[in-house]
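Novice: What follows is a protein structure lacking sequence information:
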């Protein structure tokens with residue numbers, strides 16, 4: 001494990017060590033005491049569950065206030081309405097583009113490698129698909145009837161809309177608005193300090209999450225869907241290591257390898273929590289201090305990305321749609337493929353705030369091309385592991401778009417981006433972050 005410039009072990013190294021320890025101890029307990037009720041009560045549902053749950057709760061505790069405060073700070077500095085519209089337009093267009101590329105790549109790979117087997121047992125399968133919201137409901141639901149209630153419920157789209165309007169109003173009321181803007185900047189620093197404190201317990205929380213996962217993950221379903229599992233995994237890796245670096249290199253002229261190296265800590269957080277929203281505090285800090293993205297841009301693009309950008313989920317949908325069609329012996333036409341791409345791309349926004357979003361979106365896609373929704377039961381056994389990987393892909397995409405948008409807006413510090421040690425002390429809890437405005 002490599003230490004940082006101060007001689008201390010870096011955050012990435014600590015998390016990797018914690019993951020390895022959790023995996024090792026979990027496997028050891030599983031092999032030495034198979035089916036032990038004592039292990040389940042004391043470790044699985046006891047110690048490991050408490051450590052992991054406390055860590056995830058601490059991260060989730062930060063999400064709503066951090067999104068609201070950071071968005072208000074970012075929007076309050078944009079007194080020009082055209083600039084706000086330009087920033088939002090670029091960000092949303094890039095998110096939709098990468099999602100369309102992701103699902104197209106997934107469909108192509110699935111058609112090429114044929115993961116489905118029509119001889120698989122499909123009887124007695126059942127999956128209760130929750131109803132995805134209609135386009136009309138999504139549009140109406142963007143504006144909160146009660147902003148406080150939206151924050152209580154964690155409705156991120158409504159929080160984003162209210163925060164943008166609130167910050168924009170601050171920017172247009174003169175001197176009083178400036179006083180209020182400075183208050184939110186100070187409040188943002190408090191939130192960043194809270195992030196630093198939570199990051200201090202990250203390795204302990206990651207250890208608990210991985211140890212519990214190792215003890216509870218069922219391996220009996222791997223045999224029937226192993227080809228599907230590795231195909232989705234392969235496409236996710238290609239998208240993260242090829243598509244995003246190409247996006248960064250082509251649209252900003254920056255070294256993509258530097259981007260990937262500086263994303264390791266964020267990817268590990270996302271993998272261990274399987275939640276883009278829970279990873280958001282770390283994503284913002286990493287973008288500001290490691291990648292050189294101005295807070296004016298990161299406070300807008302990253303919360304929006306955590307809500308609407310679901311490239312990893314789109315990849316799962318593309319492969320799963322072809323897989324289920326092949327299992328049931330149903331041929332998909334070119335128009336069906338185009339419908340899958342369109343539906344999944346637009347649905348990435350519409351179902352962003354719904355629990356179990358990946359499977360809900362998949363159910364909606366399957367219904368659009370007249371495939372049996374019950375086929376989702378085939379992939380439920382391995383979806384948890386894939387969910388962890390696709391979350392890491394999602395946060396990588398959020399950061400890539402943030403870098404590109406910041407570069408196009410002149411809001412990217414290239415010196416910070418190219419410096420391999422930039423912001424390392426802050427992300428390793430050796431210093432208190434200072435908000436970049």
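Specialist: Received the coordinates, thanks. What you are looking at is a predicted structure, and each value in this text was computed from that prediction instead of being measured. Residues are numbered from 1 along each chain as shown.

Novice: Please count neighbours and contacts with C-alpha atoms only from this point.
Specialist: Fine.

Novice: Could I get the buried residue list for the one helix or strand residue 57 maps to?
Specialist: Counting by DSSP states H and E, the element that carries residue 57 is helix 48-76. Within helix 48-76, the residues scored as buried using 16 or more other C-alpha atoms under 10 Å are 48-53, 55-56, 58-60, 62-76.

Novice: tell me what it is packed against?
Specialist: Under the contact definition 3 or more C-alpha pairs under 8 Å, 6 or more residues apart in numbering; DSSP states H and E, helix 48-76 sits against helix 156-170, helix 175-200, helix 202-216, helix 276-289, helix 295-308.

Novice: so which of the ones you listed gets nearest residue 29?
Specialist: Ranking these by proximity to residue 29 (C-alpha to C-alpha) places helix 202-216 first, at 7.6 Å.

Novice: State the mean pLDDT of the closest one.
Specialist: The pLDDT scores in helix 202-216 average 83.

Novice: Now do the buried residues in that helix.
Specialist: Buried residues in helix 202-216, counting neighbours by 16+ other C-alpha under 10 Å, are found at 202-215.

Novice: is it possible to export those residues to JSON lines including distance to residue 408?
Specialist: JSON lines is the format used below for the buried residues of helix 202-216 (distance: C-alpha to C-alpha, whole Å):
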{"residue": "202", "distance to residue 408": "34"}
{"residue": "203", "distance to residue 408": "36"}
{"residue": "204", "distance to residue 408": "39"}
{"residue": "205", "distance to residue 408": "37"}
{"residue": "206", "distance to residue 408": "36"}
{"residue": "207", "distance to residue 408": "39"}
{"residue": "208", "distance to residue 408": "41"}
{"residue": "209", "distance to residue 408": "39"}
{"residue": "210", "distance to residue 408": "39"}
{"residue": "211", "distance to residue 408": "43"}
{"residue": "212", "distance to residue 408": "43"}
{"residue": "213", "distance to residue 408": "41"}
{"residue": "214", "distance to residue 408": "43"}
{"residue": "215", "distance to residue 408": "47"}
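
Novice: Farthest pair within those?
Specialist: Every pair of the buried residues of helix 202-216 checked by C-alpha to C-alpha; the farthest is 202 and 215, at 20.1 Å.

Novice: where in the stretch 1-150 of the chain is pLDDT low?
Specialist: Applying pLDDT under 70 to the stretch 1-150 of the chain picks out residues 1-12, 77-84, 117-135, 138.

Novice: can you rerun that using 50?
Specialist: The stretch 1-150 of the chain contains residues with pLDDT under 50 at 1-2, 5, 121, 123-124, 126-127, 129.

Novice: Please identify the helix or strand for residue 332.
Specialist: Of the helices and strands defined by DSSP H and E, none includes residue 332.

Novice: Can you tell me how far it is from residue 376?
Specialist: The gap separating residue 332 from residue 376 is 17 Å, by C-alpha to C-alpha, to the nearest Å.

Novice: who has more neighbours, these two?
Specialist: Set residue 332 next to residue 376 and count neighbours by other C-alpha atoms under 10 Å: residue 376 wins out with 24 against 15.

Novice: quick one: pLDDT of that one?
Specialist: 74.

Novice: I'd assumed residue 371 was in a strand, is it?
Specialist: No: per DSSP: H, G, I helix; E, B strand; the rest coil, residue 371 lies outside any strand segment and is coil.

Novice: How about it, nearest residue that isn't a chain neighbour?
Specialist: Nearest non-adjacent residue to residue 371, counting by C-alpha to C-alpha, 6 or more residues apart in numbering: residue 325, 6.6 Å away.

Novice: need the contact list for the one you found.
Specialist: Going by C-alpha atoms under 8 Å, 6 or more residues apart in numbering, residue 325 touches 116, 331-332, 371.

Novice: out of those residues, who has the most neighbours?
Specialist: The residue in those with the most neighbours, by other C-alpha under 10 Å, is residue 116 (24 neighbours).

Novice: Thought residue 330 was touching it, still the case?
Specialist: No: between residue 116 and residue 330 there is no contact under C-alpha atoms under 8 Å: 10.7 Å.

Novice: count of neighbours near residue 178?
Specialist: 16.

Novice: Residue 309 now?
Specialist: Neighbour count for residue 309, taken as other C-alpha under 10 Å: 27.

Novice: Please read off the pLDDT at it from the model.
Specialist: We note a pLDDT of 82 for residue 309 in this prediction.

Novice: And it, its phi and psi?
Specialist: Per-residue torsions, residue 309: phi -90, psi 110 (degrees, to the nearest 10).

Novice: And it, how close does it get to residue 20?
Specialist: Separation of residue 309 from residue 20 (C-alpha to C-alpha): 29 Å.

Novice: relative to its centroid, which residue of the protein is most remote?
Specialist: For the chain, the largest distance from the centre (C-alpha atoms, centre = their mean) belongs to residue 175, which lies 37.7 Å off.

Novice: Could you count how many residues lie near residue 31?
Specialist: Neighbour tally, residue 31, other C-alpha under 10 Å: 11.

Novice: For the one helix or strand it maps to, buried residues please.
Specialist: Using DSSP H and E, residue 31 sits in helix 11-32. For helix 11-32, the neighbour count (16+ other C-alpha under 10 Å) marks 11-23, 25-27, 29-30 as buried.
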